[in-house]
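Enquirer: Dropping the sequence and predicted coords here.
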Amino acid sequence: MVPLERSLAELRKDPKPAAARSPARVFLASGSRLLTEAVSAALDAREEIDVVGACVEPKSLVSELRALPVDVVLVEASLGNGVQLRTIRLLRDQFPELGILPLGVSGVAEIVRCAEAGASGYVLRGASIPDLVNIIDSVRHNRTPCSPKVAASVFKRISELTRRFDKPPRAPRGTTTPRETEILKLVAAGLRNKEIAARLGISISTVKNHMHGILSKLRVKGRRQAVAAAIESGILSRSSVLPRQSSLLD
């Protein structure tokens, strides 16, 4: 991390933006009071930044933000243990138009997770105060500066998610014929093919043909799965399965 003294020295030498703009209203959410005070003081030294508030208790963050005019919220990594990501998701849900910047991220995978959570950009762990100021200005004006490597990873992740959610829904299981349903009830009652054939007065080969059709329609591979799928689909009621055959549903 760049020493605070060095960062402050850079602030004095760093030129102000050429175009006169109203200061960016920034709020800092951090798990460290010391870090909160140091970063807030460094940012407040900039004419283009107005630190309107800070919070070290995530529970009160939403209520504090509702009471303040804020352009960008800085969500610091010292919140830890997944709290940073949960905070980003919460803020994106509650404040869709808000600029959200996670501070202290340390790798492409972490940046992608923050982007998935709803971050507007990112600030690396080794960034300086001038870097942070420039990124705040970009996010405030709906720009997201990032390296080509990060951009490639984000686009790859978007592609993966798109393929996952764009898959066509699986076709519903087919409906069995009255005869197939009758045979399914006998299977659920524990009868074998020979017994089913005798009960219905048909040949064993006919029973086997019906069973083949049943397995195909229900997209299963065995009698036990067929009974379970028939109950799940509403073709059979659970009461169709005799107590001694309850293992069919295990």
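Expert: Ah, there it is.
Enquirer: Going by C-alpha atoms from here, please, whenever you check contacts or count neighbours.
Expert: Fine.
Enquirer: got any ranges where the chain has weak pLDDT?
Expert: The chain contains residues with pLDDT under 70 at 1-21, 58, 81, 164-173, 240-250.
Enquirer: need the helices for it, in chain order.
Expert: Assignment of helices within the chain using DSSP state H yields the ranges 4-13, 33-44, 61-66, 83-94, 108-117, 129-140, 148-165, 178-188, 193-200, 204-218, 223-233.
Enquirer: distance of the most far-flung residue of the chain relative to its centre from residue 194?
Expert: Most distant residue from the mean C-alpha position of the chain: residue 201, 56.6 Å away (C-alpha atoms, centre = their mean). Computed with C-alpha to C-alpha, to the nearest Å, the distance linking residue 201 and residue 194 is 10 Å.
Enquirer: With residue 34 instead?
Expert: Counting by C-alpha to C-alpha, the gap from residue 34 to residue 194 is 81 Å.
Enquirer: ok, and what's touching stretch 78-89?
Expert: In this structure, residues lying in contact with stretch 78-89 by C-alpha atoms under 8 Å, 6 or more residues apart in numbering are 30-32, 58, 75-77, 100, 102, 113-114, 117-119.
Enquirer: if I pick residue 230, what's in contact with it?
Expert: Taking C-alpha under 8 Å, 6+ apart, one finds 218, 236 in contact with residue 230.
Enquirer: on that earlier part again, residue 34 and residue 194 - which one has more neighbours?
Expert: The neighbour count for residue 34 versus residue 194, taken as other C-alpha atoms under 10 Å, is higher for residue 194 (14 against 10).
Enquirer: Tell me which of the helices of the chain sits nearest to residue 25.
Expert: Closest approach to residue 25 among the helices of the chain (C-alpha to C-alpha): helix 129-140, 9.1 Å.
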